[in-house]
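# Build me a model from this:
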Amino acid sequence: GAAMAAFWNAWEELTLNPDSLAVRRSLIYQADSLAGTFNRAARQLGSMRENLDFEVEQSAKAINRMGAAVASLNARIKRAMAGGMNANDLIDERDRLITELRSYADVRVRLEEGGGVSLFIGNRALVMGDVHNEVEAEKTGTGYHILVWRSDAQPLAIGGGRLASAIEMRDSYIPELAAEIDALAAAIIQEVNALHAAGYDLDGNPVSGTAYELFFSGTSMADMAVNPALASQPRGIAASAGSGEGDAENARAIALLRSQKTIAGTYTFEDYYRSVVARVGIDVQAVKNEVQNTEVLLNQIENWRESVSGVFIDEEIVRLQEAQRAFQAAARAITVMDDALNTIINGMGIVGR
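Coordinates of the predicted model:
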């Protein structure tokens, strides 16, 4: 927004001083700054998609690691329970892995006989007993990865979790945002170039058909740039409409683009940009609110779970004290019996010796 404002301000300054090379160079600087801002936005959005794709790719390794660990724990738990041993620590570790797995995707859990569990993603088994099915990241024609089952390359029905969020951001939200910003850049390039091509340079020559015809090169935010010919020779900027020295009518026409509803006949350039920013802001706030509401629900569920499977400290202290008192009572009883036996063995029958 600031770069656009500075760009239009530079055109307005040129209408006041069309013969000034310093003002023309300032315009080139502001135009280059605007183009660079669009270029950086394109790179940043592309980088965000690449980072999300890397997260999707690496998640295959994490899912395989945790799936293999759950299968191994299934086998160990079944052996321990079959031998009458306590497997609580193994079960706790398996529960922890399952919770982590469910943060990646919508994983359903089914308890099996003998203490094992089966895990399903969609209608496919990730873990069955001590066997786990592997997944892998496969690059598609778009250049980005999806997760498929290694056995038959069928896509995973991910459902929810961080994977679904990453894929939605990578494939839908960011491309839509990029398209909106791209439309803004393309409109600026097109409208400014169309008016600039009809003007005259500082020497009174028409720029149409010359190296100075276009003010911007490129067609999108990724390749938008100031025409190199103008960057090296600001005299070529077509500020004049051809009516003689001091004429700045073409520069004025370009400056007036700022207030015209150029995009879809509805938005000025700045209004359109503000609408994009506002939509992103609303989306961010909506997500923050959803996160807060979900955290409240999550905490409530965690408390319920802890009430069933967790350790209540006060109750455990009472039980520990009960055990301690029982131990002390037993020790006292043994002391009394020891004293009684000692009296019988060593103290009785001494008279008459």
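
# What backbone torsions are found at the closest residue to Lys139 other than its chain neighbours?
Distance criterion CB to CB, 6 or more residues apart in numbering; nearest residue to Lys139, sequence neighbours excluded, is His145 at 5.4 Å. For glycine as for every other residue, the C-beta is placed from the backbone atoms N, C-alpha and C. Main-chain dihedrals, His145, degrees, to the nearest 10: phi -100, psi 150.

# Ok, Ile121 next?
Backbone geometry at Ile121, expressed as degrees, to the nearest 10, gives phi -110, psi 110.

# Count the neighbours of the residue nearest to Lys139 for me.
Other residues within reach of His145 by the criterion other CB atoms under 10 Å amount to 22.

# Then the one 3 residues further on?
The local packing count at Val148 equals 17, with neighbours defined by other CB under 10 Å.

# which SS state does it fall under?
With DSSP: H, G, I helix; E, B strand; the rest coil as the basis, Val148 sits in strand.

# what residues are up against it?
By CB atoms under 8 Å, 6 or more residues apart in numbering, the contact set of Val148 is 135-138, 154-156.

# quick one: the strands in the stretch 51-200 of the chain?
All strands of the stretch 51-200 of the chain, identified by DSSP state E, counting those that start in this stretch, fall at 107-111, 117-121, 124-128, 131-132, 135-139, 145-149.

# Can you check which of the ones you listed gets nearest to Ser217?
Closest to Ser217 of these is strand 135-139 (CB to CB; 32.5 Å).

# Report the separation between the residue nearest to Lys139 and Phe38.
Distance, His145 to Phe38, by CB to CB, to the nearest Å: 28 Å.

# Now render the strands of the stretch 51-200 of the chain as TSV, adding distance to Gly218 and mean pLDDT.
Listed next are the strands of the stretch 51-200 of the chain as TSV, based on distance: least, CB to CB, whole Å; pLDDT from 0 to 100:
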stretch	distance to Gly218	mean pLDDT
strand 107-111	46	93
strand 117-121	44	95
strand 124-128	46	94
strand 131-132	50	94
strand 135-139	29	94
strand 145-149	30	95
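
# Reformat those strands as TSV; add distance to Gly67.
Listed next are those as TSV, based on distance: least, CB to CB, whole Å:
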stretch	distance to Gly67
strand 107-111	10
strand 117-121	7
strand 124-128	5
strand 131-132	4
strand 135-139	8
strand 145-149	12
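
# Now list the buried members of the contacts of Val148.
135-137, 156 (16 or more other CB atoms under 10 Å).

# and of those residues, the nearest to Ser259?
Sorting the buried ones among the contacts of Val148 by how near they are to Ser259, with CB to CB, puts Ala137 at the top with 49.3 Å.

# so where's the longest helix in the chain?
Assignment by DSSP state H gives helix 21-82 as the longest helix of the chain.

# State the mean pLDDT of it.
What helix 21-82 shows for mean pLDDT is 95.

# what separates it from the chain centre, distance-wise?
Its chain's average C-alpha position is 7 Å from that of helix 21-82, according to CA atoms, centre = their mean, to the nearest Å.

# and if you look at stretch 146-160?
Distance, stretch centre to chain centre, for stretch 146-160: 21 Å (CA atoms, centre = their mean).

# I'd like the numbering to begin with 54 instead of 1 from here.
Okay, using 54 as the starting number, the last item reads as stretch 199-213.

# Pull out the buried positions in that stretch.
199-202, 209, 211.

# Pull it out as CSV, backbone CA atoms only.
In CSV, the C-alpha atoms belonging to stretch 199-213 read as follows (Å, rounded to 0.1, in the frame of the first residue of the first chain):
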residue,chain,number,x,y,z
ILE,A,199,0.5,-35.7,-2.0
LEU,A,200,0.6,-38.7,0.3
VAL,A,201,-0.2,-42.1,-1.1
TRP,A,202,-0.2,-45.7,0.1
ARG,A,203,3.1,-47.3,-0.9
SER,A,204,1.5,-50.6,-1.8
ASP,A,205,-0.8,-49.2,-4.6
ALA,A,206,-0.1,-45.5,-4.8
GLN,A,207,-3.7,-44.6,-3.9
PRO,A,208,-4.1,-41.2,-2.2
LEU,A,209,-4.7,-41.0,1.6
ALA,A,210,-8.1,-39.9,2.8
ILE,A,211,-6.4,-37.5,5.2
GLY,A,212,-9.6,-35.9,6.6
GLY,A,213,-8.4,-33.4,9.1
